[in-house]
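Chemist: can't give you the sequence, but here's the structure:
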C-alpha cells in the first residue's frame, strides 16, 4: 500500500501536468566555487550519442556538448543522427552508443507503448542523465500561406504521420485533439522521418508539422515563401487541455518566447515538455554518468549560446520529479551539487518500481504471447497492452494507455 500511495503522488499527478508543479533544481545549490571536480579519468577517449536528425535542435546541442568534451577533456564525441525513435534508441539498446539525446519517445519506450509494444521491443529500463527545459514550446506549426490560424482550421488539411516515430505522431494527435479533431478529420500524409516531414511542408506537400519551436527546420519554413505560423493551444480552454493530456500527459501549458517567428514581444501560448533528454540505460557505468552530468552542468556557459534551446540545460531548469527516473550516477552528482533530496529519492524509487513491474510483466507475457510472425503482430501488441494495463491497475498505478 505504501508503494501504491507513493507512486500515485510521484507519478500520476505530475503526469497530469496542470494538476501539479514540477520540482526544479532548488536555489540552495552548491556555490560554483565548491562544485565537485569533474572526474576526468572517468571520461573515455571517445563516446557516441544518438540524436535527432542533422539540423535539429537536439543534434545541434549534442554537437555543442561534444565540442566541450573535446576541448576540455580530449574526449571525441560522435553524434549519430537518427531519423525516427527506433533509429535513435536501437543503437543505445545494442550498446553502440552510450547515451542518447532523445525526446518524448523516452517515455513511450519506458512504458512499452506505441512502437515499443511490438515483439522486438517492450518496456525499456531507461534513465535520465540531464535534460533541457528551455523557453521554447513543443508545437504544431502551419504554413502561413494556408491562412490557418487555429488548430480547428486543420480539419480537412494535410497533416503528416512519420513512420516509426510515435513521439511525433502522438504529439500531433494530442494537439489535434485540442480542437476535437482526429486522424479521420484530416488528410494523413506519411513520411519516413522527421527531416522528410519538414522538407514536405516547405515543398508544399503538407500544411502542418510538429517540432520544438527553436528547431533549425522551423527556420527553413519561416524563411521559405510559405512562412510559418503557430496556432495557440489556449491555456484558458480547460476542455482542450483535458483532451490534449488524455492523449499525452507529458505536455503542460507553457508560454514560449523563443522560436521561429516567436519572441518575448511575440510569445506563443502552447505547451511543452523537456527536450532534448540526455538518457542512458539503467546498466550504464555510474562513474561515467556522473562525469557526463558534471560536464554538462559545469560547462553550461561554454555551450549555452550554441543553439537557441541550449539554455535549458542550466541546473536550475532540471525537472527532478519527471516521469522517467534519473540514473544513480546523475543522482550522485545532483546531490553533490546540492539540489537532490530524500523526497526525490522516494519519487525516483517509485518510478523505478514502475519500470520493474513493466519489465516483469513483459517477461511473463512473452512466454504465452502470440507468435512473432507479421500476421500475429497486432494480436501480440493488443495482448500486451491488456496485460500491461491489468498489471499496473493491480499495483495501483495508472496505465495511461489501455489499448
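Modeler: Ah, there it is. Keep in mind it's a predicted model, so treat the numbers as computed, not measured.

Chemist: pLDDT score assigned to residue 17?
Modeler: pLDDT, residue 17: 36.

Chemist: show me the shaky parts of the protein.
Modeler: Along the chain, segments meeting pLDDT under 70 span 1-22, 26-29, 31-33, 371-375.

Chemist: same thing but 80
Modeler: 1-34, 164, 166-167, 308, 370-376, 403 (pLDDT under 80).

Chemist: biggest helix in it by residues?
Modeler: What stands out as the longest helix in the chain, according to DSSP state H, is helix 342-368.

Chemist: what residues does the next helix or strand after that helix touch?
Modeler: Using DSSP states H and E, the helix or strand that directly follows helix 342-368 along the chain is helix 377-394. The contact list for helix 377-394, computed with CB atoms under 8 Å, 6 or more residues apart in numbering, reads 111-113, 117-119, 122, 354, 357-358, 361-362, 364-365, 369-372, 398-399, 401-403. C-beta here means a position set from N, CA and C on the backbone, and glycine is covered the same way.

Chemist: any buried residues in helix 377-394, and which?
Modeler: Buried residues in helix 377-394, counted by 16 or more other CB atoms under 10 Å: 377, 380, 381, 383, 384, 385, 387, 388, 389, 391, 392.

Chemist: over to stretch 292-304?
Modeler: 292, 293, 294, 295, 296, 297, 298, 299, 300, 303, 304.

Chemist: report the distance from it to the chain centre.
Modeler: 20 Å (CA atoms, centre = their mean, to the nearest Å).

Chemist: also stretch 250-264?
Modeler: With CA atoms, centre = their mean, you get 16 Å for stretch 250-264.

Chemist: report the buried residues of it.
Modeler: Burial within stretch 250-264, assessed by neighbour count using 16+ other CB under 10 Å, is assigned to 250, 251, 252, 253, 254, 256, 257, 258, 259, 260, 261, 262.

Chemist: and of those, the nearest to residue 23?
Modeler: When the buried residues of stretch 250-264 are ranked by distance to residue 23 (CB to CB), residue 252 comes first, at 13.3 Å.

Chemist: quick one, strands of this structure?
Modeler: Ranges of strands in the chain, per DSSP state E, are 46-51, 76-81, 99-102, 126-131, 138-143, 158-162, 187-191, 208-212, 228-229, 252-256, 268-272, 277-281.

Chemist: export the ones you listed to a markdown table and tack on distance to residue 339?
Modeler: Formatted as a markdown table, the strands of the chain follow (distance: least, CB to CB, whole Å):
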| stretch | distance to residue 339 |
| --- | --- |
| strand 46-51 | 24 |
| strand 76-81 | 25 |
| strand 99-102 | 21 |
| strand 126-131 | 12 |
| strand 138-143 | 25 |
| strand 158-162 | 36 |
| strand 187-191 | 40 |
| strand 208-212 | 25 |
| strand 228-229 | 37 |
| strand 252-256 | 21 |
| strand 268-272 | 21 |
| strand 277-281 | 16 |
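
Chemist: I figured residue 249 hits residue 399, correct?
Modeler: No: using CB atoms under 8 Å, residue 249 is not in contact with residue 399, being 11.3 Å away.

Chemist: just give me the neighbour total for residue 364.
Modeler: A count of nearby residues for residue 364, using other CB atoms under 10 Å, gives 12.

Chemist: distance check, it against residue 106.
Modeler: 24 Å (CB to CB, to the nearest Å).

Chemist: swap in residue 355?
Modeler: 12 Å.

Chemist: neighbour-wise, which of those two wins?
Modeler: Just comparing residue 355 and residue 106: by other CB under 10 Å the higher neighbour count belongs to residue 106, 29 against 20.

Chemist: who has more neighbours, residue 249 and residue 399?
Modeler: residue 249 (21 against 17).

Chemist: and that one, what are its phi and psi?
Modeler: phi -60, psi -20 (degrees, to the nearest 10).

Chemist: ok, back up a step: which one of the strands of the chain lies closest to residue 334?
Modeler: strand 126-131 (9.1 Å).

Chemist: picking up where we left off before, and the longest helix of the chain, which residues are buried?
Modeler: Buried, per 16+ other CB under 10 Å, within helix 342-368: 344, 347-348, 350-355, 357-359, 361-362, 365.

Chemist: which elements pack onto that helix?
Modeler: helix 2-7, helix 105-111, helix 328-336, helix 377-394 (3 or more CB pairs under 8 Å, 6 or more residues apart in numbering; DSSP states H and E).

Chemist: what's in contact with the second one?
Modeler: Helix 105-111 is touched from outside by 85, 88-89, 114-116, 121, 123-126, 128, 165-167, 170, 250, 277, 279, 323-324, 355, 358, 388, 400-401, with contacts defined as CB under 8 Å, 6+ apart.

Chemist: and stretch 232-241, by the same measure?
Modeler: By CB under 8 Å, 6+ apart, stretch 232-241 touches 17-18, 139, 150-151, 175, 178-179, 244, 253, 268-271.

Chemist: go again with 7 Å.
Modeler: 18, 175, 178, 244, 253, 268, 269, 270, 271 (CB atoms under 7 Å, 6 or more residues apart in numbering).

Chemist: what is the most widely separated pair among those?
Modeler: 18 and 268 (17.7 Å).

Chemist: between these two, which has more neighbouring residues?
Modeler: Comparing residue 18 with residue 268 by other CB under 10 Å, the one with more neighbours is residue 268, at 25 against 15.

Chemist: picking up where we left off before, now the longest helix of the chain against strand 126-131, angle please.
Modeler: For helix 342-368 against strand 126-131, the angle by axes from the mean of the first three to the mean of the last three CA atoms, to 10 degrees is 140 degrees.

Chemist: tell me what angle helix 342-368 forms with helix 328-336.
Modeler: Using the same axes, to 10 degrees: helix 342-368 against helix 328-336 is 170 degrees.

Chemist: lovely, talk soon.
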